[in-house]
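Novice: generate coordinates for the sequence data below:
(one chain, ligands or ions: 1)
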Amino acid sequence: MSGSITRRGLFACAAVSSPLLCGCGWDAWAETAPDAESQVKGPPVADRPLTRISPHVFMIEAPGNIPAPDNGGFMSNLTFVIGRDGVVAIDSGSSTQIAEMAIRQLRAASDAPMAGLINTHFHGDHWLGNQAFVDAFGKDLPLYAHAGTRSAIEGAVGVYWRDSMVKWTERATLGTKIAPPNHDVDHGFVVDLGDATLRLHHYGVAHTPYDLAVEVEEDGVMCGGDVMMDRRIAIIDDGSFRGTLAALDALEKNSRTTIWAPAHGRAGPGVLRWQRELFEGIYESCVEAVKQGVELERALAIALKDPRLASRAAETRGWDHNIGRYVSIAYLEAEQAQF
Ligand SMILES: [Zn+2]
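Specialist: Purely as a prediction, here's the structure:
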């Protein structure tokens, strides 16, 4: 998307979001899309270590920031909660190949039965690996998600993400099949693994309208999906700045979290605060710009001077590529909030 964003453009983006193109160019791609569910399968993904971040929580950290041929689309972390009575996976990656690698790593560390998989939201890097879990653990394996996530994946959004991932990775994810979630869950749902209790949190529109965060109560860990990120700017095309800020506050207030485990970047105690201050800086700068009647085109320059943005520019992956678009979205949201 070039130049200033329009309201019409924003809504088009919300309908088909993408980490790269914001939906633009989709028509051209659709005409040449390969049969992504053909028998052909892309190559295996190289092993990545399973790292322990708390007594029950283990994470495979993604190497990539955006999906590309050299990372096979591996851009978001896969997390396992290993309890006495079983294992729950949180998100399944961008492809069958990524999920197969993660299952290999899990099995080298634990032979506890698989109790379920939770998809935090409908962006493809969080659920396109579902079919590998079904293949490994059976079709009765609970695939948990918010009902809105399930219905997005069952519809055009699911196909869009599967086919786009094939394109962005130059066919590395071929063979990935859509396996939509099969158990609708919502705020307050609990999975008991004996010595580890998983509690789901949902606070309305944040990164998407249907995000789930997964608290592992005994460990003080919150697996936040994409509601928070570590040194990345969360894509907000399907979400809301104000909603994200409210969700972050609710997650902090309604849990005893000491480690925030994002789907992008590294887990740690400061992730929520890092994300909150960045989003607050972007949104508050835009509110101020709207109040003063500053045009959208000049809002970016004002926002970039905010210390909360200035201090993060150098350490944030994809900053130059993304910050302009996110300030545009924040500006429109601030405008809508005012009138
Ligand atoms: Zn996402």
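Novice: could you count how many residues lie near A261?
Specialist: Applying other CB atoms under 10 Å, we find 28 residues neighbouring A261. Quick note: C-beta positions are derived from backbone N, CA and C, even for glycine.
Novice: surely it and T51 touch.
Specialist: No. The criterion here is CB atoms under 8 Å, and A261 misses it with T51 at 10.7 Å.
Novice: mutual contacts of the two, please.
Specialist: Counting by CB atoms under 8 Å, 6 or more residues apart in numbering, the common neighbours of A261 and T51 are M59.
Novice: what comes up buried for stretch 175-189?
Specialist: G175, T176, I178, A179, P180, P181, N182, V185, F189 (16 or more other CB atoms under 10 Å).
Novice: now, those residues that are in strands?
Specialist: Within these, no residue falls in strands by DSSP state E.
Novice: what's the nearest residue to the residue in the stretch 201-339 of the chain that the ion sits nearest to if we skip its chain neighbours?
Specialist: At 3.7 Å from the ion, D226 is the closest residue in the stretch 201-339 of the chain, using CB to the ion. Excluding the flanking residues, the one nearest D226 by CB to CB, 6 or more residues apart in numbering is H207, at 4.3 Å.
Novice: what residues are up against the one you found?
Specialist: Here H207 is in contact with H121, G225, D226, V227, A234, I235, I236, D238, G239, T244 (CB under 8 Å, 6+ apart).
Novice: flag the least confident of the residues you listed.
Specialist: Least confident by pLDDT among these: that is A234, with 80.
Novice: can you classify that one as helix, strand or coil?
Specialist: coil (DSSP: H, G, I helix; E, B strand; the rest coil).
Novice: tabulate the CA atom coordinates of stretch 323-339 in CSV.
Specialist: Extracted C-alpha coordinates of stretch 323-339, given in CSV (Å, rounded to 0.1, in the frame of the first residue of the first chain):
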residue,chain,number,x,y,z
ILE,A,323,6.0,1.8,11.5
GLY,A,324,4.4,4.1,8.9
ARG,A,325,1.5,1.8,8.3
TYR,A,326,0.9,1.3,12.0
VAL,A,327,0.9,5.0,12.7
SER,A,328,-1.7,5.4,9.9
ILE,A,329,-3.9,2.8,11.4
ALA,A,330,-3.6,4.3,14.9
TYR,A,331,-4.4,7.7,13.4
LEU,A,332,-7.6,6.4,11.9
GLU,A,333,-8.5,4.7,15.1
ALA,A,334,-7.9,7.9,17.1
GLU,A,335,-10.0,9.8,14.6
GLN,A,336,-12.9,7.3,14.9
ALA,A,337,-12.6,7.4,18.7
GLN,A,338,-13.0,11.2,18.7
PHE,A,339,-16.1,11.4,16.6
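Novice: this completes my enquiry, with thanks.
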